[in-house]
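# this one's structure only:
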């Protein structure tokens, strides 16, 4: 996974988590973090905001964002605590919005973009009103495939202007991802690495939707291409990178 930006569905009743441990010197948790559910707490431990922002800047640059008009109206879906929006802001974009289902994660966003608590299957935007829609690690949280994915893609297609763009970055079963999961499940590794423990914890708490996503690659690609014409598509380092235009 590695990119858990935005929350769509997470279990409301969850067993005790290895992430719910006392504070430690290397990665102290605030009281607000401890009040989150275990998935959200692990997400906040996985990487610092600045680390995540720098990662997003590298990714956005690699996928062509510097060539987008700086006055483009951009929405990040499943935006979580909003570090993807801050990355876009640092790249010079100003007309930014975020959507996520978690008010607790959105409350942590300190930027100037407008953020809305909403379901990405029913976007709160008018038809043909946005230039770019971005998802970085949210589609694999959808509870039901293919229906929820089709509904989300249809909504994105509805909202995008004719010459608009979508960008998806989602987990994908590559040899690298398989190796990372193997390492993260080794108990001594989890004890000495907060990052690996956070990764493993997030996997545990989204296991049903995560495995559902990783297990249907051909269906996912087919659905994406039914709604969007690919401009770029690649599979590397455990990620599916897709940039496209609405059909």
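Alright, I've got the coordinates. Because the structure is a prediction, the values reported are computed rather than measured. Numbering: from 1, shown residues only.
# okay, and the beta partners of residue 241?
residue 169, residue 234 (DSSP bridges).
# let me know the distance separating it from residue 88.
17 Å (Cβ to Cβ, to the nearest Å). Every C-beta, even on glycine, is put in place using the N, C-alpha and C of the backbone.
# between these two, who's got more neighbours?
residue 88 (28 against 18; other Cβ atoms under 10 Å).
# SS state for the more buried one?
Classification of residue 88 using DSSP: H, G, I helix; E, B strand; the rest coil returns helix.
# quick one, what contacts it?
Contacts for residue 88 (Cβ atoms under 8 Å, 6 or more residues apart in numbering) come out as 56, 60, 65, 74, 76, 96, 134.
# what segments of this protein are helices?
Using DSSP state H, the helices of the chain run over residues 31-34, 38-46, 49-62, 83-90, 103-106, 147-159, 175-184, 187-192, 194-205, 207-214, 217-227.
# do you know which of these lies nearest residue 236?
Nearest to residue 236 among the helices of the chain is helix 175-184 (7.8 Å), distances taken as Cβ to Cβ.
# now the closest one against helix 194-205, angle please.
With axes from the mean of the first three to the mean of the last three Cα atoms, to 10 degrees defining the directions, helix 175-184 sits at 100 degrees from helix 194-205.
# now helix 175-184: average pLDDT?
In this model, helix 175-184 has a mean pLDDT of 94.
# per-residue pLDDT of residue 191, please?
Residue 191 carries a pLDDT value of 93.
# before we move on, what about residue 41?
Residue 41 is given a pLDDT of 88.
# now the residue most central in space within the chain: how far from residue 188?
The centre of the chain sits closest to residue 137, judged by Cα atoms, centre = their mean, with a distance of 2.5 Å. According to Cβ to Cβ, residue 137 and residue 188 sit 27 Å apart.
# shaky segments in the chain?
1-36 (pLDDT under 70).
# the residue nearest to the centre of the chain contacts residue 172, correct?
No - here residue 137 lies out of contact with residue 172, judged by Cβ atoms under 8 Å, at a distance of 11.3 Å.
# where's the nearest residue to residue 59 once chain neighbours are set aside relative to residue 189, distance?
Spatial nearest neighbour of residue 59, chain neighbours left out: residue 169 (6.3 Å); criterion: Cβ to Cβ, 6 or more residues apart in numbering. From residue 169 over to residue 189 the distance is 25 Å, taken as Cβ to Cβ.
# and for residue 50?
For residue 50 relative to residue 189 (Cβ to Cβ), the value is 24 Å.
# just residue 196 next, same as before
Taken as Cβ to Cβ, the span from residue 196 to residue 189 is 5 Å.
# quick one on the thing from earlier: so between residue 50 and residue 189, which is more surrounded?
residue 189 (15 against 10).
# and the more buried one, what is it in contact with?
So residue 189 contacts 183, 196 (Cβ under 8 Å, 6+ apart).
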